[in-house]
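Enquirer: When you get a sec, could you give me coordinates for this:
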Amino acid sequence: MSKLKVALIIKGTEHTRRRDDRNVGLWSYPVDEFEWTHKKPGSTKQRASSYRDFDIIFHEDGGNWIRWLDKKGPPIIYYSIDSTLSYEHYKERYEQGKRSDLILLDQDNPSRFVSTGTPVEMLNYCVNDRLFSPREKKYDVSMLYAKGKLGSQERQVLSQFLQMESKSNGWTWVTGGRKLPKYAEIMGESRISISHPRVFGNRPHRTFDAMACRSMLITGMLPIIRGDLINAGIDYAYYKNASTIPETIHTALAYGQWEEYAERGYRKVIENHTWEIRAKQLREIISHEFGI
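Expert: Down below sits the predicted model:
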């Protein structure tokens with residue numbers, strides 16, 4: 001199949017738009033299937049006909065609430081990432097999806113979008129494996145997270161609790177937020193990575209990022225998502241109650257279990273969830289849906 005020219009509409013923040021150290025895998029480094037140009041629309045009202053120099057318009061959610069005034073240009077693909085965070089997140093992305101020619105979902109249930117009348121496919125999260133990769137381990141445990149409206153207070157409380165536990169147990173520990181690529185560097189240097197989903201039923205991107213760093217992931221409960229192909233208790237450890245995390249850490253470090261988890265998780269991501277792999281899957285979807 002030929003390489004497609006993509007008009008890429010994504011968030012305007014620097015770490016999201018830059019190539020090479022993009023914080024998500026999709027569109028993070030060159031692949032054989034696509035070449036893309038970042039577009040930053042100056043208005044929420046856009047005409048697809050103004051993108052006729054491209055084969056595809058790929059519209060990623062996250063602040064670009066565009067109303068397409070026509071469909072006389074290339075097919076519009078809408079990628080919904082955060083629709084599982086709240087009903088408000090879902091409704092915004094549902095409305096965006098209605099205006100597209102194809103909806104792709106990172107982790108939601110396709111049945112929630114069927115009534116849009118737009119075809120729906122899964123395109124699970126993938127890792128920028130040139131950024132998130134194994135490094136020499138320096139830290140026993142890390143809990144890196146970004147502040148936000150959802151789950152921020154819970155994460156801060158958990159971090160404070162684990163910091164005290166690490167001090168009393170003599171574990172090397174690092175927490176808080178970091179800018180890319182320092183965030184990925186610390187994760188790659190961590191034997192164990194702690195993740196606390198912002199809401200129940202959401203699978204954070206940190207899930208696969210930690211695995212790609214060959215770090216043992218200990219996380220709150222994750223939903224079962226078609227295409228994720230990861231197994232609780234095998235590829236990652238999980239907790240229902242945060243009070244059990246220190247015991248899990250102690251066992252993992254004392255008996256070498258962290259290495260076993262880290263290796264299984266790493267293999268699962270590298271074999272299934274890199275941008276190189278996902279690009280091939282996306283190209284097949286586009287070929288099937290639009291015949292190009």
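Enquirer: Output the contacting helices and strands for the one helix or strand Gly265 maps to.
Expert: Using DSSP states H and E, Gly265 maps to helix 257-272. On a contact count with 3 or more Cβ pairs under 8 Å, 6 or more residues apart in numbering; DSSP states H and E, helix 257-272 meets strand 190-195, helix 206-212, strand 216-220, helix 245-254. All C-beta atoms are positioned from the backbone trio N, CA, C, and that covers glycine.
Enquirer: Report how many residues lie close to Glu92.
Expert: Number of residues near Glu92 (other Cβ atoms under 10 Å) recorded here: 16.
Enquirer: Equivalent analysis for the one 4 residues further on, please.
Expert: Residues within reach of Gln96, counting by other Cβ under 10 Å, total 23.
Enquirer: what sits opposite the nearest residue to it once chain neighbours are set aside in the beta ladder?
Expert: Distance criterion Cβ to Cβ, 6 or more residues apart in numbering; nearest residue to Gln96, sequence neighbours excluded, is Tyr78 at 5.4 Å. Here Tyr78 sits in beta bridges with His59, Ile103, as judged by DSSP bridges.
Enquirer: burial count for Gly245?
Expert: Let me fix one detail, which is that residue 245 is Ile and not Gly. Neighbours of Ile245 using other Cβ under 10 Å come to 23.
Enquirer: Contacts only, for it.
Expert: Leu162, Glu165, Ile194, Ile218, Tyr239 (Cβ atoms under 8 Å, 6 or more residues apart in numbering).
Enquirer: Let's see that with 7 Å instead.
Expert: Going by Cβ atoms under 7 Å, 6 or more residues apart in numbering, Ile245 touches Leu162, Ile194, Ile218, Tyr239.
Enquirer: Quick check: the third one touching Ala237?
Expert: Yes: using Cβ atoms under 7 Å, Ile218 makes contact with Ala237 at a distance of 4.8 Å.
Enquirer: among the helices and strands packed on helix 257-272, which is nearest Gln281?
Expert: Of all these, helix 206-212 sits nearest to Gln281, with 14.9 Å by Cβ to Cβ.
Enquirer: circling back to that earlier point, how close does the residue nearest to Gln96 get to Ser100?
Expert: 4 Å (Cβ to Cβ, to the nearest Å).
Enquirer: ok, the two, which is more surrounded?
Expert: Taking neighbours as other Cβ under 10 Å, Tyr78 and Ser100 compare with Tyr78 leading, 28 against 24.
Enquirer: And the more buried one, what's its pLDDT?
Expert: According to the prediction, Tyr78 has pLDDT 96.
Enquirer: Then Lys147?
Expert: 69.
Enquirer: Which helix or strand in this structure has the lowest average pLDDT?
Expert: Of all helical and strand segments in the chain, the minimum by mean pLDDT, DSSP states H and E falls on helix 14-17, at a mean of 50.
Enquirer: got the contact list for Trp27?
Expert: Here Trp27 is in contact with Leu8, Trp36 (Cβ under 7 Å, 6+ apart).
Enquirer: ok but it is inside a strand, no?
Expert: No: secondary structure assignment (DSSP: H, G, I helix; E, B strand; the rest coil) places Trp27 in coil, not in a strand.
Enquirer: Break down the stretch 1-150 of the chain into its helices, ranges please.
Expert: Assigned by DSSP state H, counting those that start in this stretch, the stretch 1-150 of the chain shows helices spanning 14-17, 87-98.
Enquirer: Low-confidence stretches in the stretch 1-150 of the chain?
Expert: Scanning the stretch 1-150 of the chain for pLDDT under 70 picks out 12-21, 63, 147-150.
Enquirer: all strands in it, in order from the N-terminus.
Expert: With strands called from DSSP state E, counting those that start in this stretch, the stretch 1-150 of the chain shows them at 4-9, 34-39, 45-47, 56-60, 67-70, 76-80, 102-105, 120-122, 139-144.
Enquirer: want to throw those into a markdown table with distance to Tyr183?
Expert: A markdown table is the format used below for the strands of the stretch 1-150 of the chain (distance: least, Cβ to Cβ, whole Å):
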| stretch | distance to Tyr183 |
| --- | --- |
| strand 4-9 | 22 |
| strand 34-39 | 21 |
| strand 45-47 | 32 |
| strand 56-60 | 20 |
| strand 67-70 | 34 |
| strand 76-80 | 22 |
| strand 102-105 | 25 |
| strand 120-122 | 27 |
| strand 139-144 | 6 |
